[in-house]
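1. okay, here's the prediction I keep looking at, along with the sequence it came from:
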Amino acid sequence: MADFISRLRKRASDIHPTILYPEFKDERVIEAVKRVNQLGIANAKIVDCEDALTVSATMVAEGEADAFVAGAVYTTGEVIRAAIRRIGTAKGIKTISSAFYMVKSSSSSSESWDSPSEVLTFTDCAVVPYPTAEQLADIAIEAAKDRRRIVGDEPVVAFLSFSTKGSAKGASVNLVHEAIEICRRRSINFVVDGELQGDAALVPLVASRKAAGSEVAGRANVLVFPSLDAGNISYKLVQRLSGATAIGPILQGLSKPAADLSRGATVDDIIDVSSVTAVQTISIGSL
């Protein structure tokens, strides 16, 4: 975990964007801003004024800052509404969603973490309750784009289900199939497959038995959940049972970065999310 966090902070400091924090009365935010500046992660500034959330979003939209981080006090709905109204969605994307970056604990045993990747992207775990196929495709595409920015490797995207390659039938299986077809029609530049159960997506031996020939099975690093129920439950179970660090929720799909913290966020959580948000300012064209 320390390796990924240190790499992330180094990349953020190389970019050194200006990040705004509108929750000027929260002690956690005040301390996090101080430490973000001390660590050189960003030029972190507290916005201390009436309607600070709207002001922060407007400043990002107008290019006076690169991103904003909120959510320690404001609700998810308030943060997302401000971002949509002022910043807007990325080109070709209609859906704002989220991801958690699940980072393997250095103390985790191999039995508790089957994936060969140090970091897994879980999406969507915080925003869209029951996505349509179009929304699920948006979620996968934006998660893949951000994977390149944030982790720096190639996204390998698995659409998850209770079924693997026709082993069961159901409405959610059909939803996954439709979302994959939408992704492929958009000429994506990353590999995608499904429907896959979690073990088939992550474990090579299981993949060889359940999904032989799949480009994704056994090596996925982006896991797309069919509903918020599945995503939210899964990330919290993985966090608690494997000792993984959950960085997020990280908003995706906006034309410029904004972050929605958990209202239970610690100072360290705010610093980690700030590091991710700093890296999100990298333009797609420079990747």
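-> Thanks, I have the structure now. Residues are numbered from 1 along each chain as shown.
2. now do the strands in the protein.
-> Per DSSP state E, the chain carries strands over the ranges 18-21, 43-46, 67-70, 97-103, 119-123, 156-160, 191-196, 222-224, 245-252, 258-260.
3. sheet-wise, list the partners of the third one with their directions.
-> In other words, strand 67-70. Using DSSP bridges, strand 67-70 pairs in its sheet with strand 18-21 (parallel), strand 258-260 (parallel).
4. most packed of the ones you listed?
-> Greatest average neighbour count among the strands paired with strand 67-70 goes to strand 258-260 (a mean of 28), per mean count of other CB atoms under 10 Å. Bear in mind the C-beta positions are built from the backbone N, C-alpha and C, glycine included.
5. and the residue nearest the centre of this structure?
-> Taking CA atoms, centre = their mean, the centroid of the chain lies closest to residue 99, which sits 2.5 Å from it.
6. what is that one paired to in the beta sheet?
-> Beta-bridge partners of residue 99, as defined by DSSP bridges: residue 123, residue 250.
7. quick check, it in contact with residue 252.
-> Yes - look at residue 99 against residue 252 with CB atoms under 8 Å: they come within range, at 5.9 Å.
8. overlap in contacts, these two.
-> 123, 143, 146 (CB atoms under 8 Å, 6 or more residues apart in numbering).
9. and the second one, what does it touch?
-> For residue 143, the contacting residues are 97, 99, 121, 123, 155, 157, 222, 224, 252, by CB under 8 Å, 6+ apart.
10. TSV for those, including pLDDT and distance to residue 177?
-> Putting the contacts of residue 143 into TSV (pLDDT from 0 to 100; distance: CB to CB, whole Å) gives the following:
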residue	pLDDT	distance to residue 177
97	95	20
99	95	22
121	97	21
123	95	18
155	96	20
157	97	14
222	97	18
224	98	13
252	93	23
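11. neighbour-wise, which one of the residues you listed leads?
-> residue 224 (34 neighbours; other CB atoms under 10 Å).
12. in the sheet, who's paired with that one?
-> What pairs with residue 224, by the bridge criterion (DSSP bridges), is residue 123, residue 159.
13. you'd agree it is up against residue 156?
-> No - here residue 224 does not reach residue 156: they are 11.4 Å apart, not a contact under CB under 8 Å.
14. number of nearby residues for residue 151?
-> 23.
15. model confidence for it, exactly?
-> Here, the pLDDT recorded for residue 151 equals 92.
16. does the closest residue to it other than its chain neighbours have beta-bridge partners, and which?
-> Excluding the flanking residues, the one nearest residue 151 by CB to CB, 6 or more residues apart in numbering is residue 119, at 5.3 Å. Following DSSP bridges, residue 119 is listed with bridge partners residue 103.
17. where along the stretch 101-250 of the chain do the helices fall?
-> 133-150, 171-185, 198-202, 204-210, 228-242 (DSSP state H, counting those that start in this stretch).
18. ok, and for the first one, which residues are buried?
-> Using 16 or more other CB atoms under 10 Å as the burial criterion, the residues of helix 133-150 that qualify are 133, 135-150.
19. just for the chain, where's the confidence low?
-> For the chain, residues meeting the criterion pLDDT under 70 lie at 1-2, 106-114, 116, 283-287.
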